[in-house]
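Mind folding the following:
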Amino acid sequence: PAPSATLPFALKDIRLEAPLPLDRSRGQVLDTRRIGDAVETLACNPADPAGAVRVLSAQVVQAGECPAPQPIHSLARRAPHPLDPAAHRARLSALGLDHGPAFSPLHALSLAADGSAVLAQLARGPGEGEPFLLHPALLDGVFQAALGLTVGAQTLVPVSVASCTVHAPLPARCWAWVTF
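Predicted structure coming up:
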C-alpha cells in the first residue's frame with residue numbers, strides 16, 4: 001500500500017494470483033490501484049507495460065479496532081522452540097523458494113510446541129523503508145515465517161490471505177505472530 005493510504009485500512013479475500021520472481025536487474029514496477037471496493041496490484045517491466053500481470057487482488061473492508069499490544073516475552077513463552085533462520089532459508093532454497101539477500105528479513109524464529117504458531121523477528125535492510133507502509137521484504141518475511149510451520153511436513157506456498165488490517169506503518173524492525 002502506498003504511503004498516502006488512509007489508516008487504518010483493511011483488506012479481505014486477498015488472492016496472490018501469479019508468482020512474482022523479483023529481479024532488481026530487470027527494473028520491475030508494482031502498481032497498486034483501488035477500483036471501487038477492490039484493490040489490485042500489477043507487476044510489469046517498464047520497457048514492456050503490455051506484459052503486465054495481476055499478482056494480487058483483494059476487497060477493501062472497514063478496519064476493526066486496533067488490538068491491544070502483546071508483550072514479546074509472553075508470545076515467546078508460547079513459542080519456545082527456536083528454528084535457525086539460516087537453516088530455514090536453506091530449506092526453502094532447496095525447495096526452489098530462494099528469496100535472495102534483499103528478501104531475507106528473518107532474524108529469529110520460534111515455533112509453538114504444537115506447531116500451530118511461529119514467532120518471527122523481522123528487519124528490512126538499511127535504506128529500504130520509503131515509500132512503504134508495509135515494506136515488501138517485511139511482508140514476504142511473514143510468509144517465510146509461515147512456511148516455518150511446515151517443518152517436518154509438505155511445504156505449502158500461500159495463495160491467499162483471509163484478511164490483513166494495517167493500523168500504522170511497520171517499523172524497520174518488528175515481530176510477527178503467525179498462526180494457521
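
which residue ends up closest to the midpoint of the protein in space?
Central residue of the chain (C-alpha atoms, centre = their mean): L139, 2.2 Å from the mean position.

Mind pulling up the pLDDT for it?
Looking at L139, its pLDDT is 84.

moving C-terminal of the longest strand seen in the chain, what's the next helix or strand?
Identified as the longest strand of the chain according to DSSP state E is strand 48-61. Next in sequence after strand 48-61, counting helices and strands by DSSP states H and E, comes helix 72-78.

packing partners for that next one?
Other elements packing on helix 72-78 under the criterion 3 or more C-beta pairs under 8 Å, 6 or more residues apart in numbering; DSSP states H and E are strand 117-123, strand 173-179. Every C-beta, even on glycine, is put in place using the N, C-alpha and C of the backbone.

tell me the contacts of the residue nearest to G51 when sequence neighbours are not counted?
Nearest residue to G51, sequence neighbours excluded (C-beta to C-beta, 6 or more residues apart in numbering): C44, at 6.0 Å. By C-beta atoms under 8 Å, 6 or more residues apart in numbering, the contact list for C44 reads 28-29, 31, 51-53.

next one: the helix or strand of the chain with the lowest mean pLDDT to chain centre, how far?
Lowest by mean pLDDT, DSSP states H and E among the helices and strands of the chain is helix 136-147, with a mean of 85. Centroid separation for helix 136-147 versus its chain: 4 Å, with C-alpha atoms, centre = their mean, to the nearest Å.

neighbours around R26, how many?
R26 has 10 neighbours, counted by other C-beta atoms under 10 Å.

Kindly report the same for the one 4 residues further on.
L30 is surrounded by 13 other residues when neighbours are defined as other C-beta under 10 Å.

Likewise for the one 5 residues further on?
Neighbour count of I35, defined by other C-beta under 10 Å: 9.

V151 too?
Using other C-beta under 10 Å, V151 has 16 other residues around it.

Please name the nearest non-neighbouring residue to it.
Using C-beta to C-beta, 6+ apart and skipping residues adjacent in sequence, the residue nearest V151 is L83, 6.7 Å away.

where does the chain dip in pLDDT?
The chain contains residues with pLDDT under 70 at 1-5, 21-24, 126-131, 152-156.

at 80 instead, please
For the chain, the stretches with pLDDT under 80 are 1-6, 19-28, 96, 98-103, 125-134, 136, 151-158, 180.
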